[in-house]
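Student: With the input below, show me the fold.
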Amino acid sequence: QVQLVESGGGSVQAGGSLRLSCAASGYAYISNYILAWFRQAPGKEREGVARAYPGGGPTYITDSVKDRFTASRDNAKSTVYLQMNSLKPEDTAMYYCAAGPLPNQYTYWGQGIQVTVSS
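Tutor: Next up, the predicted model:
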């Protein structure tokens, strides 16, 4: 059974940084999957934030955060990271990790982790 476990969230003041981690377990071939980050703020739709592809190379970062967030993955650790810098109050949301074979076809989801940015 595949499990995705997020960590690294919390509360931070505007301008601060956080690094989210998502560790995958339970599937030997998770390295073949896209690992992605989504977020959902209260009252808003879920938003795709970042994708890290199986073969490495450039990651996808949504335009609204691409000058502040970076994503990376470590296949040896079956882990994907989201480095978030210069955080803003509008980044406050529940952040979710997901894994799947194709973009927009995510089979597995983490339980989510809260990120709160105060002004």
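
Student: Backbone dihedrals for Gly104, please?
Tutor: Rather than Gly, residue 104 is Asn. The phi and psi values for Asn104, taken as degrees, to the nearest 10, are phi 70, psi 20.

Student: now it: how far from Ala93?
Tutor: Remark: distance between Asn104 and Ala93 (Cβ to Cβ, to the nearest Å) = 19 Å. Where C-beta positions appear, they are placed from N, C-alpha and C, glycine not excepted.

Student: And for Gly16?
Tutor: Look at Gly16 and Ala93: by Cβ to Cβ, they are 15 Å apart.

Student: And Thr116, by the same measure?
Tutor: From Thr116 across to Ala93, the span is 9 Å (Cβ to Cβ).

Student: between those two, who's got more neighbours?
Tutor: Just comparing Thr116 and Ala93: by other Cβ atoms under 10 Å the higher neighbour count belongs to Ala93, 22 against 15.

Student: what's near enough to touch Gly10?
Tutor: 18, 114-116 (Cβ atoms under 8 Å, 6 or more residues apart in numbering).
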